[in-house]
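Trainee: Fold the stuff below for me.
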Amino acid sequence: MTQYEKIEYKPISVRELLLQMKNLSELMIDLAYSSALYNDKDLAEDVLALERQVDTLGYLLEMEIMVAARDPKDAEALIGVSTVAASADKISDAAADIAAIVTRDIGIHPIVREIFEKVEERLMKVTVKPNSEIIKKQVGELDLAARMGVDIIAIRRNHDWILNPKETERVFQGDILITRGAPLGIEEFKDLAEGNLSTIEPQQRARFEEIVSRFVKLKDTSELMMDLAYTALMLDSKELAEEVERLEEVMDNLHTEFELLALTSDFKKEEASGFLGLIRLGVATEKIADAAADMAEVVLREIEPHPILKLAIKEADETVAQACVTSDSPLVGKTLKEARVHEETGMWILVIKRSDQCLRPRADSKISAGDVLIASGYAEGADDLRKLASPSQTCAIE
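Mentor: All right, here's what the predicted structure looks like:
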């Protein structure tokens, strides 16, 4: 029988609790996908431990909200906070579902990892080997963002986690690095740290490429919805919230198509467990999308965001910023790959807003004057992004 920890009230600010829930739930998604792709039980167990931590934070937050709501007006203002907290909890639950694929020995078909890396995935687990030239070097000294378009988002050393390591943090032999970046850069960094990837027969690859590429669309769309939902809350943008709502319908269709394709594929009996794991990954992406839709609903219902909610999102480890591209910007006419925005500013472009459309950014997407770039990254990169997009002109963002 499951043993539950007794949770006692602690006077922790709503902002601090919400901030921790947001940051942990987002980190869990990255770690969970990594655990599934690399069949890493230790990593999966860490995700499950983080889920318990998020659950505890959720209980504490509900207590704080009950204490803070002294009248109906307070209660109405705090509905948004409660909804975002519940959504963060749902996201952490989805991450735990992904981790359970590993802990329950369901597994993922071996072709998935290689194709996943080759298509659009930006996550990879790297173990630092004895002959690696990055041993004892500082993260900042490696200059990975500029050289390869790669970030180290976490380091697992023995049984401890170093999340969002500082530039002064050194890398040691045996460290497990969770990295995020462009596919070619990720491959280059993996070779640098631990050698070449294994190969899989071409016939097998062709057989599953379509299934995995459909899953990548599911994953990318669900994470885009999550980023847009947080942005909609921070900016109180009904337009972005409506885009999340529209994408939820897209997700429903994508998920149905993905499951039908997987279930009608000609897989062997011994591959059934791996396909079950892949299907469960698809279910988890839909849960993330539903949580994002719940957050967007706070804006669509025109509930005034509580100041605590805006503060929590703005002070998260990663912030969201908007920048309008003016005609004198060096970005105009360049593709995202050519613009190297992440290398220049440390910000990842989430959405290109053009007229009344929100476009999903791709490496070959061209930037035009008048585009509004919505990006996430560390707070210090937001100003750099705005200066890059609008060097000498002001640009109003609707």
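
Trainee: Show me where this structure has its helices.
Mentor: In the chain, the segments counted as helices under DSSP state H are 14-37, 41-68, 72-103, 110-119, 139-142, 144-148, 183-194, 202-235, 238-263, 272-300, 307-314, 336-339, 341-345, 380-389.

Trainee: Now render those helices as CSV, adding mean neighbour count and distance to V325.
Mentor: Backbone N, C-alpha and C define where each C-beta goes, glycine included. Converted to CSV, those look like this (neighbours: other C-beta atoms under 10 Å; distance: least, C-beta to C-beta, whole Å):
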stretch, mean neighbour count, distance to V325
helix 14-37, 23, 27
helix 41-68, 18, 37
helix 72-103, 21, 30
helix 110-119, 19, 28
helix 139-142, 16, 29
helix 144-148, 17, 21
helix 183-194, 18, 24
helix 202-235, 20, 17
helix 238-263, 17, 18
helix 272-300, 21, 25
helix 307-314, 19, 23
helix 336-339, 18, 10
helix 341-345, 21, 11
helix 380-389, 19, 5
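
Trainee: Let me have the ones you listed in a markdown table, extended by mean pLDDT.
Mentor: Formatted as a markdown table, the helices of the chain follow (pLDDT from 0 to 100):
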| stretch | mean pLDDT |
| --- | --- |
| helix 14-37 | 83 |
| helix 41-68 | 86 |
| helix 72-103 | 85 |
| helix 110-119 | 60 |
| helix 139-142 | 84 |
| helix 144-148 | 71 |
| helix 183-194 | 72 |
| helix 202-235 | 77 |
| helix 238-263 | 87 |
| helix 272-300 | 87 |
| helix 307-314 | 66 |
| helix 336-339 | 85 |
| helix 341-345 | 86 |
| helix 380-389 | 88 |
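
Trainee: Compare these and give me the one nearest E169.
Mentor: helix 139-142 (5.0 Å; C-beta to C-beta).

Trainee: any residues touching that closest one, and which ones?
Mentor: For helix 139-142, contacts defined as C-beta atoms under 8 Å, 6 or more residues apart in numbering pick out I134, I152, P165, K166, E167, T168, E169, R170, V171.

Trainee: Contact partners for the fourth one?
Mentor: In this structure, K166 makes contact with V139, G140, judged by C-beta under 8 Å, 6+ apart.

Trainee: From I152, how far out is it?
Mentor: 11 Å (C-beta to C-beta, to the nearest Å).

Trainee: D55: what's it in contact with?
Mentor: Neighbouring residues of D55 by C-beta under 8 Å, 6+ apart: D89, S92.

Trainee: And stretch 164-175, end to end?
Mentor: 14 Å (C-alpha to C-alpha, to the nearest Å).

Trainee: which parts of it are buried?
Mentor: By neighbour count with 16 or more other C-beta atoms under 10 Å, stretch 164-175 contains the buried residues P165, E169, V171, D175.

Trainee: Pop out the phi and psi values for the residue of the chain positioned farthest from its centre.
Mentor: Taking C-alpha atoms, centre = their mean, the residue of the chain most remote from its mean C-alpha position is D71, at 36.5 Å. The phi and psi values for D71, taken as degrees, to the nearest 10, are phi -150, psi 170.

Trainee: Which pLDDT value belongs to it?
Mentor: D71 is assigned 73 on the pLDDT scale.

Trainee: Also G333?
Mentor: Model confidence at G333, given as pLDDT, is 92.

Trainee: ok, now V126?
Mentor: So V126 comes in at 82 (pLDDT).

Trainee: Can you name the residues bridging to it?
Mentor: Beta-bridge partners of V126, counted by DSSP bridges, are L177.

Trainee: measure it to I153 for me?
Mentor: 12 Å.

Trainee: Can you pull the residues that touch both of these two?
Mentor: Common neighbours of V126 and I153, counting by C-beta under 8 Å, 6+ apart, are T179.

Trainee: Show the pLDDT at E398.
Mentor: If you check E398, the pLDDT there is 55.

Trainee: Just list the residues touching the residue nearest to K217 when sequence neighbours are not counted, thanks.
Mentor: Take K217 and drop its neighbours on the chain: the residue closest to it by C-beta to C-beta, 6 or more residues apart in numbering is L254, 5.7 Å away. Counting by C-beta under 8 Å, 6+ apart, L254 makes contact with R214, K217, L218, T221.

Trainee: These: which two are farthest apart?
Mentor: R214 and T221 (10.9 Å).
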